[in-house]
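Asker: sequence and predicted structure are below.
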Amino acid sequence: MQVDLVLAPCEAAQYDLTHRTAVVIDVFRFTTAALSALESGIAGLYPVREPQEAFHMKEKDAKLLLAGERNALKIPGFDFGNSPLEHFGRDGHGQRLVWCTTNGTQAVQAVAHAHHVVLASLRNGLAVAQYLAWQDRDILFVPAGTNGKFSLEDTWCAGFIISHLSRISSRVQLGDGARLAEILACKMELNDLAKSEHGLILAGLGMNEDIAYCLECNMSSDVIVWDPVSGWAKLVGNGHSSKPEIMRGSGT
């Protein structure tokens with residue numbers, strides 16, 4: 001199982017993803033919020049690149065709800081912003097979301113040619129590692145980054161998942177990028193991610209509760225898979241007869 005990682009989403013174009021699983025990570029905040037929304041009972045979410053695409057889908061189906069941000073703020077006319085706390089504890093059963101963000105949904109669309117696409121965050125890191133081990137397919141981690149550039153928290157999260165994956169499977173072979181991410185996650189403290197470029201932007205907007213929620217590790221046993229053909233992302237089982245053992249609140 002070859003495991004590689006790109007330091008910016010644009011580098012994904014250099015890989016043949018036909019037989020790979022692409023793992024998209026946007027810790028602050030899309031993939032974290034997507035997990036929260038789907039766990040609230042949302043039937044599915046549809047990531048798009050631009051707000052106009054979301055509005056166009058809404059025109060065709062008035063029951064669709066819109067979520068997303070520009071410059072970390074809720075897009076005017078949307079039902080939700082990009083905060084995971086908007087969905088935590090609410091009942092979203094039967095609803096469907098069209099989602100548009102600056103970084104995360106762009107990264108998802110960038111890997112539309114992958115064999116399999118998983119959306120990951122710190123909150124379900126171990127569950128994602130177990131799912132990837134069960135799939136036993138070559139992997140490319142795609143940190144969503146910040147405005148197309150390297151992001152500390154997304155790469156750290158990739159390393160966090162890779163470290164779990166390396167312990168679960170003896171078949172893992174790490175490329176240079178994946179090895180770098182694993183070292184980063186080992187050497188850098190979790191709480192320091194709040195001081196990343198994106199973390200400081202969110203803190204400046206008073207979104208400290210979002211940051212704290214996004215930095216909780218292994219709180220969920222759910223895994224999100226995006227289907228490029230239908231365009232919808234949903235929760236799936238992790239391939240085991242029982243849910244994985246979750247190390248709640250653990251940063252290791």
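Answerer: Thanks, I have it. Residues are numbered from 1 along each chain as shown.
Asker: can you count the residues close to the nearest residue to residue 37 once chain neighbours are set aside?
Answerer: If the residues on either side of it in the chain are set aside, residue 37 comes closest to residue 87, at 4.2 Å by Cβ to Cβ, 6 or more residues apart in numbering. Bear in mind the C-beta positions are built from the backbone N, C-alpha and C, glycine included. Using other Cβ atoms under 10 Å, the number of residues around residue 87 comes to 22.
Asker: what's the answer for residue 136, then?
Answerer: Under the criterion other Cβ under 10 Å, the count of neighbours that residue 136 has is 12.
Asker: what of residue 190?
Answerer: With other Cβ under 10 Å as criterion, residue 190 counts 18.
Asker: pretty sure it contacts residue 217?
Answerer: Yes - with contact defined as Cβ atoms under 8 Å, residue 190 counts as touching residue 217 (6.9 Å).
Asker: distance-wise, check residue 233 relative to residue 59.
Answerer: Noted for residue 233: a distance of 22 Å to residue 59, by Cβ to Cβ, to the nearest Å.
Asker: who has more neighbours out of the two?
Answerer: residue 233 (26 against 9).
Asker: what pairs with that one across the strands?
Answerer: Beta-bridge pairing of residue 233 under DSSP bridges involves residue 45, residue 226.
Asker: show me the contacts for it.
Answerer: With Cβ atoms under 8 Å, 6 or more residues apart in numbering as the criterion, the residues that contact residue 233 are 34, 38, 44-47, 108, 119, 224-227.
Asker: again with residue 23
Answerer: 117-120, 128, 132, 139-142, 158, 161.
Asker: those strands in the stretch 101-250 of the chain, which residues are they?
Answerer: For the stretch 101-250 of the chain, the strands defined by DSSP state E, counting those that start in this stretch occupy 116-120, 139-143, 173-174, 223-226, 233-236.
Asker: a markdown table please, covering those and showing distance to residue 25.
Answerer: Putting these into a markdown table (distance: least, Cβ to Cβ, whole Å) gives the following:
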| stretch | distance to residue 25 |
| --- | --- |
| strand 116-120 | 5 |
| strand 139-143 | 5 |
| strand 173-174 | 16 |
| strand 223-226 | 11 |
| strand 233-236 | 14 |
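Asker: as JSON lines, those with mean pLDDT and distance to residue 186 would be great.
Answerer: As requested, the strands of the stretch 101-250 of the chain are arranged in JSON lines below (pLDDT from 0 to 100; distance: least, Cβ to Cβ, whole Å):
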{"stretch": "strand 116-120", "mean pLDDT": "98", "distance to residue 186": "18"}
{"stretch": "strand 139-143", "mean pLDDT": "98", "distance to residue 186": "16"}
{"stretch": "strand 173-174", "mean pLDDT": "98", "distance to residue 186": "13"}
{"stretch": "strand 223-226", "mean pLDDT": "98", "distance to residue 186": "24"}
{"stretch": "strand 233-236", "mean pLDDT": "96", "distance to residue 186": "29"}
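Asker: buried ones in stretch 32-50?
Answerer: 32-40, 42, 44-48 (16 or more other Cβ atoms under 10 Å).
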